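Visitor: my questions concern the predicted model and sequence given below.
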Amino acid sequence: MQTTDTATTTSPYYVGEPGGLAFKTFAGAAQRALEDALRKGNGKLFSVDTEGLFEFFLASFHDPVERQFHNCHCCQHFIKHYGGLVWIAEDGRTTSAVWDPNLLRAIAPKQYIDVAVQMKRSVENAQVVDQLLWKDLTWGKPEEGGFSHFYINVLSGSCSAVLTPGQDMAVRREDRKHLSIALGEMKPELIDRAIAMLEAGGLDRAETLLPMGKFLQETQRRMRKIAITRQNNILWHAVGQAARGWCTPRGSTFGALYYDIAEGKSTAAITRAHNEKMDPLKYQRPQAPPSAGNIKQAEKIVEQMGLAPAQRPGAQREDGPPEVPAPSGATLGREHQAGREDRGADGPGPGAAPAAHGARGGRAPLASTLAPEADTPARISVWSPQPQGSASAAFRASQCQDSTHDPCEVQEGCNAQGRHDAAPGA
C-alpha cells in the first residue's frame, strides 16, 4: 500500500529530468515520422488547414495542469507551421508526416501516445490547402528557456533557387487552380486524340509535349476513379509531381493543339499550325527585345545563383594560355585596324574602360550585352549572309584580335569578312 507521503512526492511524468527525456522521445518520433514521410511521398509534403490545431493539441491532455505545462510558444509555432504536414498517396489518401503513435509504443508515456493518436486523426481528416516548400533545414527549436521543444532537421531544401518559399508556394497554389480548371474544361477523348497525333509522327517536337499530355490524361483518369472527397488531394498530388508548365496546359503549345482539334480543323491544318508554332526560330524564343526592367531582374537572378563569373562566355582564366599575336603580313580590314588603334599596340592604355563582352580578361554585366527595347537597332535577318551595322564589325574586330583559334585569323588574300579574293591578274 502506498503511503500518503509517498503519493505526494511522486512527480508527474512530464516534469524533472525523466519528464524532459520523455518529451524528447515524443519530439524525436516526429523526426523519424518525417523521414519516413519524405521517403514514401517522393520528397513532397503538403499542409492541411491548421486553424485551431494547437488548441486541439492542448485539449488532448485531460489534466488542466498538463495542458498548462505544454502551453509553449515554441511548440505552438512548430505545430502551426509543421504539425499539419501530410504526404499524399496515389489514391489520394493522406498520412500525417509528423504524428505516428506506432513510433512511441513502449518507449513513451501513455499520455503522449494518446496525444499522437488524436493529432494524427485530426490532421488526416483535414483539407489539404498547400504544398510545403522550404529552404531552412531546421524546423523549430530544440531547446529554449531551459525546456525541450518540438523540432525537426531536414537534409536539403525543396524550394526554387530564385524564389522564396512563400513565392514558390504561391506559384503552386496557382498551378492547382489552373490544373483544376483545365481538367474540368478539356475533354478526355480530345486529349487522347492529341496524344495519338503526337505519337503518330508528323508533328514537330512531339517528344517535348507528350509528357504533358500523358500527365493530363493520367490525372483525369485518377480523378474519375476517386471519391469526390479525395479529388482535391489528387490535384495537389499531381501538382507536386508535375514539371514546370504542366499544370497550365490551356496556355501551352499542347493546349493550342488541343483547341485546334476541338475546333474540328483538318489534320493537315492542325499539322501546319502546330509546326509553325514549333519553328525553332520561334518556339520558346523571345519575339521582342527585353525591357530594361527584365534585364535588371536577370542580373539580380544571375547574382543570386552565383553565376556572375560565368555570364561572359569565353572568359579567359588567370592561368589560361597566353594570347597569340596576329600573324605578320596579315591584311586587316578597316574595322580591324580601327579596333587595334582604339586599343593601342600593347593593349588598353591607362584609364581605359573595362573590356567589353567578348574581350579577354574582362567581365561585362548583362546590361552591356543586352539592349533594352527602346535602344534596340533595326532587326537583322538571320538568313542574311552579310549582317549590316556596326555590331558585326565590332564582333569581327574583337574576335580577330583576341581569339587563338585559326578560323578567326585573317590570312593574306582574304578580306575582312573572311572571303578569299582572287589574286590580281588571275
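Guide: Received, thanks.
Visitor: show me where the stretch 201-350 of the chain dips below the pLDDT cut-off.
Guide: Scanning the stretch 201-350 of the chain with the threshold set as pLDDT under 70 gives 281-287, 309-350.
Visitor: now do the helices in it.
Guide: Assigned by DSSP state H, counting those that start in this stretch, the stretch 201-350 of the chain shows helices spanning 206-225, 231-241, 253-262, 267-277, 292-304, 334-343.
Visitor: could you redo those as TSV and give each row distance to Gln118?
Guide: (Each C-beta comes from the backbone N, C-alpha and C, glycine too.) Output for the helices of the stretch 201-350 of the chain, formatted as TSV (distance: least, C-beta to C-beta, whole Å):
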stretch	distance to Gln118
helix 206-225	31
helix 231-241	21
helix 253-262	46
helix 267-277	55
helix 292-304	43
helix 334-343	77
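Visitor: in CSV, list those helices along with distance to Trp134 and mean neighbour count.
Guide: Below are these laid out as CSV (distance: least, C-beta to C-beta, whole Å; neighbours: other C-beta atoms under 10 Å):
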stretch, distance to Trp134, mean neighbour count
helix 206-225, 25, 17
helix 231-241, 14, 21
helix 253-262, 31, 20
helix 267-277, 37, 15
helix 292-304, 17, 14
helix 334-343, 51, 15
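Visitor: and of these, who's closest to Thr94?
Guide: In terms of C-beta to C-beta, the element of the helices of the stretch 201-350 of the chain nearest to Thr94 is helix 231-241, at 6.1 Å.
Visitor: surely Thr95 is within a helix?
Guide: No - looking at Thr95 with DSSP: H, G, I helix; E, B strand; the rest coil, it is strand, so not inside a helix.
Visitor: correct me, but it touches Val123?
Guide: No - if you go by C-beta atoms under 8 Å, Thr95 and Val123 don't touch, sitting 9.0 Å apart.
Visitor: hey, what's in contact with both of those two?
Guide: Listed contacts common to Thr95 and Val123 are Val86; contacts here mean C-beta atoms under 8 Å, 6 or more residues apart in numbering.
Visitor: quick revisit: so which of the helices of the stretch 201-350 of the chain gets nearest Arg67?
Guide: helix 231-241 (31.9 Å).
Visitor: what's the angle between that closest one and helix 206-225?
Guide: On the basis of axes from the mean of the first three to the mean of the last three C-alpha atoms, to 10 degrees, helix 231-241 is oriented at 160 degrees to helix 206-225.
Visitor: mind listing residues that contact helix 231-241?
Guide: By C-beta under 8 Å, 6+ apart, helix 231-241 touches 42, 44, 46, 88-90, 92-94, 127-128, 131, 172, 175-176, 179-180, 183, 215, 219, 222-223, 226, 247.
Visitor: one more: stretch 134-144?
Guide: With C-beta under 8 Å, 6+ apart as the contact definition, stretch 134-144 has outside contacts at 74-75, 77-78, 81-82, 148-159, 164-165.
Visitor: about what we covered before: select only the buried ones of the contacts of helix 231-241 in ChimeraX?
Guide: Selection of the buried residues among the contacts of helix 231-241 in ChimeraX, burial being defined by 16 or more other C-beta atoms under 10 Å:
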select :44,46,88,92,94,128,131,172,175,176,179,180,183,215,219,222,223,226,247
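Visitor: so which of the contacts of helix 231-241 belong to strands?
Guide: 46, 88, 94, 128, 131 (DSSP state E).
Visitor: the closest residue to Gly43 other than its chain neighbours: what's it in contact with?
Guide: Spatial nearest neighbour of Gly43, excluding adjacent residues (C-beta to C-beta, 6 or more residues apart in numbering): Ser158 at 6.6 Å. Neighbour list for Ser158: 43-45, 132-134 [criterion: C-beta under 8 Å, 6+ apart].
Visitor: cool, and Trp87?
Guide: Contacts of Trp87 (C-beta under 8 Å, 6+ apart): 37-38, 40-41, 44-46, 94-95, 97.
Visitor: format these as TSV; extra columns: pLDDT and distance to Thr138.
Guide: As requested, the contacts of Trp87 are exported to TSV (pLDDT from 0 to 100; distance: C-beta to C-beta, whole Å):
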residue	pLDDT	distance to Thr138
Ala37	96	17
Leu38	95	15
Lys40	95	22
Gly41	95	20
Lys44	96	20
Leu45	97	16
Phe46	98	20
Thr94	97	25
Thr95	97	23
Ala97	97	16
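Visitor: give me the helices and strands touching the lengthiest helix in the chain, please.
Guide: Of all segments of type helix in the chain, defined using DSSP state H, the longest is helix 16-40. Packed against helix 16-40 by the contact rule (3 or more C-beta pairs under 8 Å, 6 or more residues apart in numbering; DSSP states H and E) you find strand 85-88, strand 94-96, helix 110-124, strand 147-148, strand 151-153.
Visitor: may I see the buried residues of it?
Guide: Residues of helix 16-40 classed as buried by neighbour count (16+ other C-beta under 10 Å): 19, 22-23, 25-31, 33-34, 37-38.
Visitor: quick one, it and helix 110-124 angle?
Guide: Going by the same axes, to 10 degrees, helix 16-40 is angled at 30 degrees with respect to helix 110-124.
Visitor: re earlier: from the contacts of Ser158, which is closest to Tyr258?
Guide: Distance to Tyr258, by C-beta to C-beta, is smallest for Lys44 among the contacts of Ser158, at 27.2 Å.
Visitor: which residues touch that closest one?
Guide: 87-88, 131, 158, 237, 240-241.
Visitor: try it again with 7 Å
Guide: Contacts for Lys44 (C-beta atoms under 7 Å, 6 or more residues apart in numbering) come out as 87, 131, 240.
Visitor: kindly reformat the contacts of Ser158 as CSV containing distance to Pro188.
Guide: Below are these laid out as CSV (distance: C-beta to C-beta, whole Å):
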residue, distance to Pro188
Gly43, 30
Lys44, 26
Leu45, 30
Leu132, 31
Leu133, 31
Trp134, 36
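Visitor: Met119: which of those is nearest?
Guide: Distance to Met119 across the contacts of Ser158 (C-beta to C-beta) is lowest for Leu45, with 16.2 Å.
Visitor: tell me what that closest one is bridged to.
Guide: Leu132 (DSSP bridges).
Visitor: going forward can the numbers begin at 28, since that is how I track them
Guide: Noted, 28 is the first residue going forward, which turns the last one into Leu72.
Visitor: now for it, how many residues are close by?
Guide: Applying other C-beta atoms under 10 Å, we find 23 residues neighbouring Leu72.
Visitor: now it: how far from Arg251?
Guide: Plainly put, Leu72 is 26 Å away from Arg251 if you go by C-beta to C-beta, to the nearest Å.
Visitor: what comes up buried for stretch 139-147?
Guide: Those would be 139-140, 142-144, 146-147, for stretch 139-147 by 16+ other C-beta under 10 Å.
Visitor: and Phe88, what does it touch?
Guide: Applying C-beta under 7 Å, 6+ apart, the residues near Phe88 are 94, 97, 138, 142.
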